[in-house]
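*Asks:* The sequence and its predicted three-dimensional model are supplied below.
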Amino acid sequence: RQPGVGGVEGEQGVGALDQREAREGLDATASAPMLKLEPKEEGGAGRRRKKAKRKTQISFEEFRKLTSMIMWFVRHSEDTFRAGPEGDTEAGWPGVRWGDVVAWYLREHEAELVTEHELDRMRTLVAQVIRRMIRHTNALIVVSGMDGPNEDKMLKLHPSQLAVDAA
């Protein structure tokens, strides 16, 4: 075994490297990218592991319910603005804050949210649905605050959603 090939000498046994290389199709003598190792710790494998992302999964029905409620709130906020005295301004409706949408949804479902863990889970879920509505379904658009935190971003319904409502 050559020093520096496949890792730091003495850090791992040859058998472990040979097995890894066989799985990944690497040649032990190749000068391909080297495996970066952390110093061995008590009970640890010595490799840096990526933190596994937990996927959030909800049913399609729950997703539809969330998106419908969020779209209703954004539409209702715009209608309320237009009906008020500021509705005649040239600047138009500025949008609704992302944080206000999340807070409204949590208030609507506060009876169901008994523990703080459930509250945090629902807050995260609503934020993920809003993000999906912006990036994938194109139901919402960000009109300002793009560089700031999500809670400060101003959202509006996408114009195509307004056309669907008019039909």
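*Replies:* Noted; the coordinates are in hand. Numbers count the residues shown, from 1 in each chain.

*Asks:* could you pull out the helices for the protein?
*Replies:* Here the chain has its helices, by DSSP state H, at 14-24, 60-83, 98-108, 116-135, 159-166.

*Asks:* The second one - contacts with which helices or strands?
*Replies:* Applying 3 or more C-beta pairs under 8 Å, 6 or more residues apart in numbering; DSSP states H and E, one finds that helix 60-83 contacts strand 96-97, helix 98-108, helix 116-135, strand 140-144, strand 154-157. Every residue, glycine included, has its C-beta placed from N, CA and C.

*Asks:* Any idea which of the ones you listed gets closest to residue 60?
*Replies:* helix 116-135 (12.1 Å; C-beta to C-beta).

*Asks:* so the closest one versus helix 60-83, what angle?
*Replies:* Counting by axes from the mean of the first three to the mean of the last three C-alpha atoms, to 10 degrees, helix 116-135 lies at 70 degrees to helix 60-83.

*Asks:* Which helix or strand in this protein has the lowest average pLDDT?
*Replies:* Across the helices and strands of the chain, mean pLDDT, DSSP states H and E gives its lowest value to helix 14-24, namely a mean of 46.

*Asks:* Pass me the low-pLDDT residue ranges in this structure, would you?
*Replies:* 1-50, 85-91, 162-167 (pLDDT under 70).

*Asks:* now do 80
*Replies:* 1-54, 82-92, 161-167 (pLDDT under 80).

*Asks:* one step back: reformat the helices and strands packed on helix 60-83 as a markdown table; add distance to residue 52 and mean neighbour count.
*Replies:* Below are the helices and strands packed on helix 60-83 laid out as a markdown table (distance: least, C-beta to C-beta, whole Å; neighbours: other C-beta atoms under 10 Å):
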| stretch | distance to residue 52 | mean neighbour count |
| --- | --- | --- |
| strand 96-97 | 32 | 21 |
| helix 98-108 | 26 | 17 |
| helix 116-135 | 16 | 15 |
| strand 140-144 | 29 | 17 |
| strand 154-157 | 30 | 22 |
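
*Asks:* Residue 154 is in contact with residue 96, isn't it?
*Replies:* Yes: at 6.9 Å, residue 154 counts as touching residue 96 under the criterion of C-beta atoms under 8 Å.
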